[in-house]
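**Q** Make a model of this:
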Amino acid sequence: MKLPSLRWRRRSSAEDDAPAVSPRRTRIRRQRIGAALAAGLVLGLGAASTLAEWSAHQFVGMSVQTGDFIMGGGIQVNASGSIPPNDGWMTGTNAEDYVHMYAWDTSDLHRDMGPGDNAVIFGFVRIDPVSAGYVESANLHVDGLVGLDGGPVQGPNVENIAWEVYLRAANGNGGCSSLAQANNPPATIGTLVAYGDSLDEINHVDDTGWEVTRTGNNHRVCLRLMAGSDLVPNDELDIVVRVRAEGNE
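**A** Model (predicted):
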């Protein structure tokens, strides 16, 4: 029977000189390699998947409706004759489309005047309720008497009728409602603010005007007419009181 041959290899000198590796050192080396690989894996993931900056937009809101008000302020006039003046307030009047002032006693109407007669006629003024909320008061000025074209009153009696305008914070007609009061104006007629010796003349008692407040009473305008002895009969005059309001700061 032929026996198998045995081959053998001589160890090299390097292998003979290499120190033997103990099982414990091999195990420690494997743990270090595993830890290094694990650390590299974590660092690799962190570098490839950082938290990116981002933004998003959404919108919420509402509709706002501004109120019905005047930019600044305005005034209204009333000559309906109602006491107190609740209805009939008007805006947008002018010399041609004016509000007729009211004569409480029809016998005192200026068209019925004779030489030496006096008459009182009244209306009301207030700050327009739809004025801007910050408007609390205004100064009222009487710019004079005008005709329908906005110019001076015309006619043969312009020089024969004198006039006065009184203002008062009041909701009634007291002091501006009878022939007796026209002939002898009581204190309740109000404060004299403007006057003229003829219908085309105007004088102001105080250039600052009359303060009209937003709250409280309305403000009555009382026009007093005084006919002279040279009054021409059968003459019809359109006499319009032009008032102006200036807002207070």
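**Q** Now D197: closest residue in space that isn't a chain neighbour?
**A** Spatial nearest neighbour of D197, excluding adjacent residues (CB to CB, 6 or more residues apart in numbering): A162 at 5.1 Å. Backbone N, C-alpha and C define where each C-beta goes, glycine included.
**Q** now could you export just the CA positions of the helix or strand encompassing the one you found as CSV?
**A** A162 belongs to strand 161-169 when assigned by DSSP states H and E. Below are the C-alpha coordinates for strand 161-169, written out as CSV (Å, rounded to 0.1, in the frame of the first residue of the first chain):
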residue,chain,number,x,y,z
ILE,A,161,-83.5,147.7,5.0
ALA,A,162,-81.0,147.1,7.8
TRP,A,163,-80.3,143.7,9.3
GLU,A,164,-78.8,141.9,12.3
VAL,A,165,-78.0,138.2,12.8
TYR,A,166,-78.1,136.7,16.3
LEU,A,167,-76.9,133.2,17.2
ARG,A,168,-77.9,131.1,20.2
ALA,A,169,-77.4,127.5,21.3
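**Q** Which strands or helices does that strand pack on?
**A** In terms of contacts (3 or more CB pairs under 8 Å, 6 or more residues apart in numbering; DSSP states H and E), strand 161-169 is packed against strand 137-146, strand 191-196, strand 219-227.
**Q** want to throw those strands into JSON lines with mean pLDDT?
**A** Compiled in JSON lines, the helices and strands packed on strand 161-169 are given as follows (pLDDT from 0 to 100):
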{"stretch": "strand 137-146", "mean pLDDT": "88"}
{"stretch": "strand 191-196", "mean pLDDT": "95"}
{"stretch": "strand 219-227", "mean pLDDT": "90"}
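**Q** Of the ones you listed, which is nearest V243?
**A** In terms of CB to CB, the element of those nearest to V243 is strand 137-146, at 5.8 Å.
**Q** which parts of the closest one are buried?
**A** A138, N139, L140, H141, V142, G144, L145, V146 (16 or more other CB atoms under 10 Å).
**Q** Tell me which strands it pairs with, and in which orientation.
**A** If you go by DSSP bridges, strand 137-146 pairs up with strand 210-213 (antiparallel), strand 240-247 (antiparallel).
**Q** right, so of the ones you listed, which gets closest to R220?
**A** Nearest to R220, of the strands paired with strand 137-146 and by CB to CB, is strand 210-213 at 10.8 Å.
**Q** and L237, how many neighbours does it have?
**A** Using other CB atoms under 10 Å, the number of residues around L237 comes to 18.
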